[in-house]
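Novice: structure for the following, please:
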Amino acid sequence: MGQVVWITGASSGLGLHTAQQLGMHGYDVIAGARSFARDKAVEHCLSIPLDVTDEESIDAFAARALAMAGPPDILVNCAGMLILGSCENYPIEEIERVMNVNFLGQVRMIQRVLPLMREKGGGKIVNFSSINGLLGIPFEGAYTASKHAIEGFSECLALEVKPYGIQVMLVEPGDHQSGSAAYRPHSKGITAASPYRAAFETGTAVIAHDEENGSDPDVLGETIARVLKRRRIPRRLRIAKMDQRLAVVLHDVLPAWAFDAIIGSYYRKNKEPRKK
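Specialist: Numbering: from 1, shown residues only. Below is the predicted model of the structure:
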């Protein structure tokens, strides 16, 4: 048997590609996602329904996963969602929903596996963050807030669990070709009357363009599979194109006004989606 991996958000996007690559690299993958309740499955994985916002669903997933393969050597937290909107106009329930899935969903899974990993004598926890966990861009306020929360929580977690032989790694992807417009829903707060409407339409067109022309998600999954074979994993695994890596560096070294001018100008560009 290979190492046992529990992975969330495995039905689509980066979670799907990561789960498939882990399975192809010899890991015993228990894949969780809400859509698996509708008979959907992932190749090279055992698929179990999982809603990371529901404690009962998590308990049911854990019980079945333990019966199938035993306690996890690795937890990979991929479940996530995005709602595009302006910070002023987001309904609070939309921000709560994003935080509940992206951040609290990870917290629930981590709290569920830590006793199992301590009993086993070690383990690895992989938390999907984002380049947006390190800097903000227009109209991704809720998503960016959730990823910043993941960054901070993971740093605290790593310090606390190190004595138990448990390692924590943050994955910080840039734009990848892993979704469609269905995964970029617009906030109900962006109406025709919103003062941000014109800037929102231009900015979100840039976001869609960059994702459609992003990196190969299978390369991301394969990279994670290879890195997890190491005895010691890095605290951060940044998988992004050079311009996005550079943006992180500039965010840290430039004065705020200069960085804001660069990012603001970029998201005011009018990019057309790639022709199919």
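
Novice: go through the helix or strand hosting residue 143 and flag the buried ones.
Specialist: Using DSSP states H and E, residue 143 sits in helix 141-161. Buried residues in helix 141-161, defined by neighbour count with 16 or more other C-beta atoms under 10 Å: 141-151, 153-154, 157-158, 161. Where you see a C-beta, it was placed from the backbone N, CA and C, and this is true even at glycine.

Novice: can you pull out the strands in the stretch 151-276 of the chain?
Specialist: Along the stretch 151-276 of the chain, the stretches classed as strands by DSSP state E, counting those that start in this stretch are 166-173, 236-239.

Novice: and the shortest one, what does it pack onto?
Specialist: It stands for strand 236-239. Other elements packing on strand 236-239 under the criterion 3 or more C-beta pairs under 8 Å, 6 or more residues apart in numbering; DSSP states H and E are strand 166-173, helix 217-227.

Novice: at 10 Å what do you get?
Specialist: Applying 3 or more C-beta pairs under 10 Å, 6 or more residues apart in numbering; DSSP states H and E, one finds that strand 236-239 contacts helix 141-161, strand 166-173, helix 217-227, helix 242-253.

Novice: now the ones you listed as JSON lines including mean pLDDT and distance to residue 262?
Specialist: Putting these into JSON lines (pLDDT from 0 to 100; distance: least, C-beta to C-beta, whole Å) gives the following:
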{"stretch": "helix 141-161", "mean pLDDT": "98", "distance to residue 262": "17"}
{"stretch": "strand 166-173", "mean pLDDT": "98", "distance to residue 262": "20"}
{"stretch": "helix 217-227", "mean pLDDT": "96", "distance to residue 262": "26"}
{"stretch": "helix 242-253", "mean pLDDT": "96", "distance to residue 262": "7"}
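
Novice: can you redo those as CSV with distance to residue 191?
Specialist: Conversion of the helices and strands packed on strand 236-239 to CSV gives the following (distance: least, C-beta to C-beta, whole Å):
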stretch, distance to residue 191
helix 141-161, 17
strand 166-173, 31
helix 217-227, 33
helix 242-253, 30
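
Novice: out of those, the one nearest residue 185 is which?
Specialist: Closest of the helices and strands packed on strand 236-239 to residue 185 is helix 141-161, at 11.2 Å (criterion: C-beta to C-beta).

Novice: what packs against that closest one?
Specialist: If you count contacts as 3+ C-beta pairs under 10 Å, 6+ apart, helix 141-161 packs onto helix 92-99, helix 105-120, strand 123-128, strand 166-173, strand 236-239.

Novice: who touches the last one?
Specialist: Applying C-beta atoms under 10 Å, 6 or more residues apart in numbering, the contact partners of strand 236-239 are 14, 126, 129, 131, 133-134, 151, 154-155, 168-174, 176, 215, 217, 219-221, 223-224, 227-228, 244-245, 248.

Novice: report the buried residues of that strand.
Specialist: 236, 237, 238, 239.

Novice: can I get that strand in PDB? Just the C-alpha atoms.
Specialist: The C-alpha trace of strand 236-239 is given here as PDB (Å, rounded to 0.1, in the frame of the first residue of the first chain):
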ATOM      1  CA  ARG A 236       5.400  27.100   1.000                       C
ATOM      2  CA  LEU A 237       5.100  25.700  -2.500                       C
ATOM      3  CA  ARG A 238       4.500  28.500  -4.900                       C
ATOM      4  CA  ILE A 239       3.300  27.300  -8.300                       C
END
